[in-house]
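Peer 1: no letters, just coordinates:
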């Protein structure tokens, strides 16, 4: 099965503008005030109706937080407070020429970007594929800063990883972890499972070989998120089906390891490569099919998308909170 969540990109296409601009960069720790919610989970942290699917890690540059999502030319939204979000300018105004040699028929709908600060620049990894195909690629663009006003463009650095058959790790859904001087990328969707590979911090490209750490045999594993907390590395991933609005069955599981290359096991000791995974977030109230979790660097806040049961199942962004007990996370809105 090929990742189906990208159907939701169609909900974004008419809303996106097509330039990219940036500005001074400052990584900042934000307050971790608990999010309030009603018992029916209809109160939302994120206000408004800005669509969001496959959100990147939220990052802060200058006065704004930024999140990038699936859609034409990589849509961007920005906020000063993580509550009120506005459409910003997109990453691409034209498609890099290298992509069609890896993904025949690709136009301009990119999937599931992620962004991280290392090597004195922002590094954004993005996915290129077409629905129903195993031919996929992850590319890289970089910028010294991100802004809605400064007018700096991203520089495309070409291909980072690719796949061509369903026996390989599908080269989509990158998740970047910066761990001191080391950088790692988790990626994958269905097919051979979730892979982890090291990134050269100077070039932003892969080094060494990938290790499959979850899933396999085309099981429903996708949207990995690799983070570190204390002495453990945690692999979050989605199970179930996305992109079906209120009928989506997405839920998020986690395993942990003392190495970014695994083996990752769940709370019961079952390996993620053997079908393990402790559930940390699932459908609750109007928050249907939560997916694509990430954590804001330096905080215990993160984000997911969900299908809004109060708005015909349209995909939305929501802020989540991480808490830890005995080395295991709890995720809550």
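Peer 2: Nice, thanks for sending it over. Nothing here was measured: the structure is a model prediction, and the numbers come from that model. Numbers count the residues shown, from 1 in each chain.
Peer 1: tally up the residues packed near the residue lying closest to residue 300 once chain neighbours are set aside, please.
Peer 2: Leaving aside its sequence neighbours, residue 300 sits nearest to residue 322 (Cβ to Cβ, 6 or more residues apart in numbering; 4.5 Å). C-beta here means a position set from N, CA and C on the backbone, and glycine is covered the same way. Residues near residue 322, counting by other Cβ atoms under 10 Å, number 20.
Peer 1: quick one: residues contacting residue 322.
Peer 2: 229, 295, 300, 301, 302, 329, 330, 331 (Cβ atoms under 8 Å, 6 or more residues apart in numbering).
Peer 1: residue 329 versus that one, what's the distance?
Peer 2: Relative to residue 329, residue 322 is positioned 5 Å away (Cβ to Cβ, to the nearest Å).
Peer 1: mind listing the shared neighbours of the two?
Peer 2: Taking Cβ under 8 Å, 6+ apart as the criterion, residue 322 and residue 329 both touch residue 229.
Peer 1: let me see the contact set for residue 220.
Peer 2: Contacts of residue 220 by Cβ under 8 Å, 6+ apart are 1, 190, 238, 239, 240, 241.
Peer 1: shaky segments in the stretch 101-250 of the chain?
Peer 2: Low-confidence segments of the stretch 101-250 of the chain (pLDDT under 70): 150-152.
Peer 1: for it, what spans make up the helices?
Peer 2: With helices called from DSSP state H, counting those that start in this stretch, the stretch 101-250 of the chain shows none.
Peer 1: out of the contacts of residue 322, who has the most neighbours?
Peer 2: Counting neighbours by other Cβ under 10 Å, residue 295 leads those with 24 neighbours.
Peer 1: quick check: phi and psi on that one?
Peer 2: Here is the backbone geometry of residue 295 (degrees, to the nearest 10): phi -120, psi 140.
Peer 1: just give the nearest non-adjacent residue to it, would you?
Peer 2: residue 302 (3.9 Å).
Peer 1: which strand residues bridge that neighbour?
Peer 2: residue 295, residue 320 (DSSP bridges).
Peer 1: same question for residue 118.
Peer 2: residue 121.
Peer 1: and which of the contacts of residue 322 is nearest to residue 246?
Peer 2: Nearest to residue 246 among the contacts of residue 322: residue 331, at 21.2 Å, using Cβ to Cβ.
Peer 1: which other helices and strands contact the helix or strand hosting the closest one?
Peer 2: Per DSSP states H and E: residue 331 is located in strand 328-332. Strand 328-332 makes packing contacts with strand 251-257, strand 278-281, strand 314-325 when contacts are defined by 3 or more Cβ pairs under 8 Å, 6 or more residues apart in numbering; DSSP states H and E.
Peer 1: re the thing from before, next one: the residue nearest to residue 300 from residue 129, what distance?
Peer 2: 30 Å.
Peer 1: next one: residue 206
Peer 2: Between residue 206 and residue 129 the distance is 18 Å, computed by Cβ to Cβ.
Peer 1: so for these two, which residue has more residues nearby?
Peer 2: residue 129 (29 against 18).
Peer 1: doesn't residue 109 make contact with the more buried one?
Peer 2: No. Applying Cβ atoms under 8 Å, one finds residue 129 not in contact with residue 109, separated by 9.3 Å.
Peer 1: residue 99 against residue 128, yeah?
Peer 2: Yes. Under the criterion of Cβ under 8 Å, residue 99 makes contact with residue 128 at 5.0 Å.
Peer 1: and residue 100, that one's in a helix?
Peer 2: Yes. Counting by DSSP: H, G, I helix; E, B strand; the rest coil, residue 100 is located in a helix.
Peer 1: now it: how far from residue 83?
Peer 2: Applying Cβ to Cβ, the value for residue 100 to residue 83 is 40 Å.
Peer 1: report the contact partners of the residue nearest to the spatial centre of the chain.
Peer 2: The residue lying closest to the centre of the chain (Cα atoms, centre = their mean) is residue 56, at 4.1 Å. If you count contacts by Cβ under 8 Å, 6+ apart, residue 56 has them with 67, 68, 69, 112, 113, 114, 115, 124, 294.
Peer 1: and the pLDDT at the closest residue to the fourth one other than its chain neighbours?
Peer 2: Take residue 112 and drop its neighbours on the chain: the residue closest to it by Cβ to Cβ, 6+ apart is residue 54, 3.9 Å away. Confidence at residue 54, expressed as pLDDT, is 96.
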